[in-house]
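Need a 3D model of the sequence below.
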Amino acid sequence: MIIYHNPRCSKSRQVLGILHENAEEPEVVEYLKGSLSQEELADLLKKLNLSAHDLLRTKEDEYNELGLSPDASEEDILTAIEAHPILLERPIVVKGRRAVIARPPERVEELL
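Okay, here's the model as predicted:
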C-alpha cells in the first residue's frame, strides 16, 4: 500500500491515521519533496480510473498562473502536475491495481 501524502494537509494526516488504525503500514510518498513523472501519473490515472482533470487542484495559485483551464489537455495537465506537484489532488492511496483519492478520508476504507 502506498499513500501520496502531504504532511501539512489535515485530510492526508487523517487518512494516514485511518490506515494505522487498521494495522496498515503504507509506504509514505511525500510527493511535494520530489515530483512524480508523467509515467507514474499516468499509472495512477489507470488505477484511479479517472481523467487527469480529476487529479488537478484548481484552487491552487499555480493553476491560474499556468493558465490551466477545464479545456486543458491531459498531456498539459500531467506536465503541469509533474512540474508543480502542489497541483496534485491528495491524498491518493494505492493498493495493488486499485487507488482512491481519499476525499473524504473515509474513502480509503474502499481499499481495506
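
Val100 belongs to a strand, doesn't it?
Yes: counting by DSSP: H, G, I helix; E, B strand; the rest coil, Val100 is part of a strand.

From here on, call the first residue 8.
With the count now opening at 8, the last piece we talked about shows up as Val107.

who's in contact with it?
Leu55, Ile99, Val100, Arg114, Val115, Glu117, Leu118 (C-beta atoms under 8 Å, 6 or more residues apart in numbering). Just so you know, the C-beta spots here come from the backbone N, C-alpha and C atoms, and that holds for glycine as well.

again, only using 10 Å
Shown in contact with Val107 (C-beta atoms under 10 Å, 6 or more residues apart in numbering): 22, 54-57, 98-101, 114-118.

cool, Glu81 as well?
By C-beta under 10 Å, 6+ apart, the neighbours of Glu81 are Gln45, Leu48, Ala49, Leu52, Ser58, Ala59, His60, Leu62.
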